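Trainee: Turn this into a model:
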Amino acid sequence: MLAVILVLGATEIALSDRPPWLYEKNASGRVPVIEEDGWILPESAVIMEYLDERYPEPALLPADPAERALARLMVFRHDDFTRPYY
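Mentor: Have a look, this model is predicted:
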């Protein structure tokens, strides 16, 4: 299984053989991780919110508050379900 880390582009990572530098970016070794100008942010839910605010067009989350909440819930549930893999 492959994952992507954003470091001035995308890098494929074999999750069964995580490179040591990934643990420097995120101590848990989980993906995704985003790095921008030397600033590092792990965790998909937080990255989603950051990207939505940093780059508002096109929006990642719906404008409707209820739909935004459901989108966040899906991310958290996905994270819980995939924790052993990512």
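
Trainee: can you pull the buried residues of stretch 34-53?
Mentor: 34, 41-44, 47-51 (16 or more other C-beta atoms under 10 Å). In this view, the C-beta of every residue, glycine as well, is placed from N, C-alpha and C.

Trainee: from those, which is closest to Leu70?
Mentor: Met48 (13.1 Å; C-beta to C-beta).

Trainee: coming back round to it: for Phe76, state which of the buried residues of stretch 34-53 is nearest.
Mentor: Ser44 (9.1 Å).

Trainee: In this structure that closest one contacts Met74, no?
Mentor: No. With contact defined as C-beta atoms under 8 Å, Ser44 does not count as touching Met74 (10.7 Å).

Trainee: Can you tell me what sits against the longest helix anywhere in the chain?
Mentor: In the chain, taking DSSP state H as the definition, the longest helix is helix 65-82. Helix 65-82 has contacts (C-beta atoms under 8 Å, 6 or more residues apart in numbering) with 43-45, 48-49, 61-62, 86.

Trainee: State the distance from Met74 to Arg54.
Mentor: According to C-beta to C-beta, to the nearest Å, Met74 and Arg54 sit 21 Å apart.

Trainee: what do you get for Pro65?
Mentor: Going from Pro65 to Arg54 by C-beta to C-beta gives 20 Å.

Trainee: what's across from Ala14 in the sheet?
Mentor: According to DSSP bridges, the partner residues bridging Ala14 are Leu2.

Trainee: What's the separation between it and Val31?
Mentor: 11 Å.

Trainee: Tell me the buried residues in the longest helix of the chain?
Mentor: Here helix 65-82 shows 68, 71, 75 as buried, counting by 16+ other C-beta under 10 Å.

Trainee: Just name the closest of the residues you listed to Glu24, please.
Mentor: Val75 (24.6 Å).

Trainee: roughly how far apart are the closest one and Leu61?
Mentor: Distance, Val75 to Leu61, by C-beta to C-beta: 10 Å.

Trainee: Now do the shared contacts for those two.
Mentor: The contact lists of Val75 and Leu61 share Met48, where a contact means C-beta under 8 Å, 6+ apart.
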